[in-house]
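next input, structure requested:
(one chain, ligands or ions: 2)
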Amino acid sequence: MSKNNSYLIKVPASTANLGPGFDSMGLALNLYLTLEVEKSERWEFYSSNQELTNLPNGNQHFIAQVAEGVAKKYGKVLTPFKVKLESEIPLARGLGSSASAIVAGIELADLGCGLGLTKEDKLLLATELEGHPDNVGASIYGGLVVGCYQQNEVDMLSFTNLPFEAVVAIPKETLLTKDSRDVLPAAFSRSEAIQASSTANLLVAALLSENWGLAGKMMEKDRFHQPYRRPLIPFYQDVEQTAKKNGAFGTALSGAGPTVICFTEKGKGRKLSQNLQQSYPEMTIKLLQIDYDGSLVEEYEEYSNQRKKLV
Ligand SMILES: Nc1ncnc2c1ncn2[C@@H]1O[C@H](COP(=O)(O)OP(=O)(O)O)[C@@H](O)[C@H]1O
Ligand SMILES: N[C@@H](CCOP(=O)(O)O)C(=O)O
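Ligands and ions are numbered 1, 2, ... in the order given. Predicted coordinates:
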């Protein structure tokens, strides 16, 4: 990286699972975490977002810790950065804020140490930190991702040009992913595993063949996590029914919740979002599009004020 220039790192939000694709499916969404970074004497994070300024700062900041950890893994020492941090991704709501922060930390280490990481390298590093590849994969690649993390290896495919959109119902309450994972069973019987994985397989086939009715049916039939998490999210069923009545082909818990995500064919989301906002004025309702770019790093030239895409 050049000494006097600053850089912009932009990472999309993500929704994981889409119902039965537990820990293996993710979708990148057009809400962004952005970092404007320049080399500095010490780590310093500042933001206009109250949620972000309440987080530990300096070298205790989660993103600094991820970046330093990655540099160390490659035998390098990362020079600190001054970071202007902004985010449209609410924390602990099931829209992949922690995954986007991990991806940002990896991009920062790559930039600061000139590691030359490929997307595959970033995916493995991020998956090892997050524990599952669904959110981080979507944030790195963009689009709809389907991945498998086994024996220290991640295989993943990413799909683009998907003719659907999403409406999210974000409640005020937070739910940490860790707490929402604690209610899940430790093991499944063979017959439960067959039901759960066949539902996930058919969801992928239905989405890719644009069979929306079947995709929605499979989202509802998830056996991996939603039945156990529903008690933590009392409004889930109600939102699901309202969404169905107003044109959604499917509804799922976004990641570990508590956000509920509703899917419609392209062009039908606006009406759904208006109706949901009327029914649930206490929640934030947003119509979102799929992000197809994944994480980006741009150089910001000091004198020309021109941005140049690096990654
Ligand atoms: N931009 C960020 N900077 C620092 N830490 C973050 C950031 N985004 C998320 N985190 C950390 O991740 C936690 C939320 O992670 P998690 O429970 O997995 O929820 P989510 O569904 O939003 O990923 C936050 O409470 C915070 O500790
Ligand atoms: N597969 C994970 C996804 C967690 O997503 P998040 O956005 O809630 O962090 C899970 O379901 O636990």
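
separation between E51 and ligand 2?
15 Å (C-beta to the nearest ligand atom, to the nearest Å). To be clear about C-beta, it is placed using only N, CA and C from the backbone, and glycine gets the same treatment.

which non-adjacent residue is nearest that residue?
Once flanking residues are discounted, E51 sits nearest to L91: 5.5 Å by C-beta to C-beta, 6 or more residues apart in numbering.

checking the one you found next. Helix, strand or coil?
With DSSP: H, G, I helix; E, B strand; the rest coil as the basis, L91 sits in coil.

so who does it touch?
Applying C-beta atoms under 8 Å, 6 or more residues apart in numbering, we find L91 in contact with 51, 97, 174.

quick one: which of those residues is most hemmed in?
In terms of neighbours by other C-beta atoms under 10 Å, the contacts of L91 top out with S97 at 25 neighbours.

am I right that that one is in contact with A13?
Yes: counting by C-beta atoms under 8 Å, A13 is a contact partner of S97 at 7.3 Å.

need the residues touching each of those two.
Joint contacts of S97 and A13 (C-beta under 8 Å, 6+ apart) are 33, 89.

and stretch 42-49, which residues are buried?
43-45, 47 (16 or more other C-beta atoms under 10 Å).

ends of that stretch, what's the gap?
From its first residue to its last, stretch 42-49 covers 21 Å (C-alpha to C-alpha, to the nearest Å).

does it reach ligand 1?
No: shown here: stretch 42-49 not in contact with ligand 1 (C-beta under 6 Å from any ligand atom), separated by at least 7.8 Å.

stretch 91-103 now?
Yes: using C-beta under 6 Å from any ligand atom, stretch 91-103 comes into contact with ligand 1 via 91-99, 101.

how about the buried residues of stretch 42-49 in JSON lines, adding distance to ligand 2?
Putting the buried residues of stretch 42-49 into JSON lines (distance: C-beta to the nearest ligand atom, whole Å) gives the following:
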{"residue": "W43", "distance to ligand 2": "24"}
{"residue": "E44", "distance to ligand 2": "27"}
{"residue": "F45", "distance to ligand 2": "21"}
{"residue": "S47", "distance to ligand 2": "20"}
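
okay, and which of these map to strands?
44-45 (DSSP state E).
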